[in-house]
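S.K.: below are the sequence and a predicted model for it; my questions follow.
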Amino acid sequence: MPDDNDLSPGKGVRDRRKLKQRAAWGLAQLTVAIGLAVLLPGGLQYREGWVFLCTFVFCSIVVTLDVLQRDPALLERRLAAGPGAEQRPRQKAIQALASVMFVASMLLPAFDHRYGWSQLPRSVAILGNVLLGLGFFAVSLVFRENTFASAVVEVGAEQKVIDTGPYALVRHPMYAAAVVLVAGIPLALGSLWGLCVVPLFIALLVWRLLDEEVLLREQLPGYGSYCQKTRSRLLPHVW
């Protein structure tokens, strides 16, 4: 696993400092974007919105700091994300649509709150935040197991098949974690209508992983055998 020992001491410290700054800037941008998506339409009195924002940002910081400490190279790869970072046109389109769905998963509940389209008990919002925490925890398990968990669809240099930890249960545990996380967003925001976005997001994930598997079978040695060993893609013993 890469670490600062691969570099001269001075360069390693400088690189880590730059990485920290980039990660901090990315988290700041994410916080502002989520805050605007939730609180601008939902209003500053949107209590579920504030709790969701704090939960999401806190979990993001914890996971980021953990990866920064253990595997800076992985964090470096994860910072290159989004449609612009993808090399394949199909994945660019999928990522663009997924970004829209992610924003919609917050915007729709915020408007739901403003106009009172649905009323859910507070316990549902608590459940939603628990799902957020579980989703982030699952993501951290993936990061601990797979240093090649890039944010884009690619096969990196020296990449190898990972078949341990969560990868022993499903072939795409990162996407499974994303489903849990996105399902928790509208619930945490106290919205029933927001759940309409979840099936669309799952459909995009399925499209993405099926296309990704084509690339992995072609370019990653041993991936075909891994697929025979681990049959499930997202949900153990189901699909």
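M.R.: Structure's in. What do you need?

S.K.: quick one: what helix or strand has residue 221 in it?
M.R.: For residue 221, there is no helix or strand it lies in under DSSP states H and E.

S.K.: how near is it to residue 229?
M.R.: 14 Å (Cβ to Cβ, to the nearest Å). Backbone N, C-alpha and C define where each C-beta goes, glycine included.

S.K.: try residue 134
M.R.: Applying Cβ to Cβ to residue 134 and residue 229 gives a distance of 26 Å.

S.K.: okay, now the unreliable bits of this structure?
M.R.: 1-14 (pLDDT under 70).

S.K.: in the chain, which residue is closest to the centre?
M.R.: residue 178 (5.2 Å; Cα atoms, centre = their mean).

S.K.: helix or strand: which one has it?
M.R.: Here residue 178 is assigned to helix 173-188, by DSSP H and E.

S.K.: what are the buried residues along that helix?
M.R.: By 16 or more other Cβ atoms under 10 Å, the buried positions in helix 173-188 come out as 173-188.

S.K.: repeat that for stretch 160-172.
M.R.: Going by neighbour count (16+ other Cβ under 10 Å), the buried part of stretch 160-172 is 161-162, 166-167, 170-172.

S.K.: in the helix or strand containing residue 142, what's buried?
M.R.: According to DSSP H and E, residue 142 maps onto helix 122-145. The neighbour-count check on helix 122-145 (16+ other Cβ under 10 Å) flags 124-125, 128-129, 131-133, 135-136, 138-145 as buried.

S.K.: and the helices in the chain?
M.R.: For the chain, the helices defined by DSSP state H occupy 9-42, 47-70, 72-79, 89-115, 122-145, 173-188, 197-219, 223-229.

S.K.: just to revisit the earlier point, with adjacent residues omitted, what lies nearest to the residue nearest to the centre of the chain?
M.R.: Spatial nearest neighbour of residue 178, chain neighbours left out: residue 205 (6.4 Å); criterion: Cβ to Cβ, 6 or more residues apart in numbering.

S.K.: isn't the one you found right next to residue 179, touching?
M.R.: Yes. Applying Cβ atoms under 8 Å as the test, residue 205 and residue 179 come out as touching, 6.6 Å apart.
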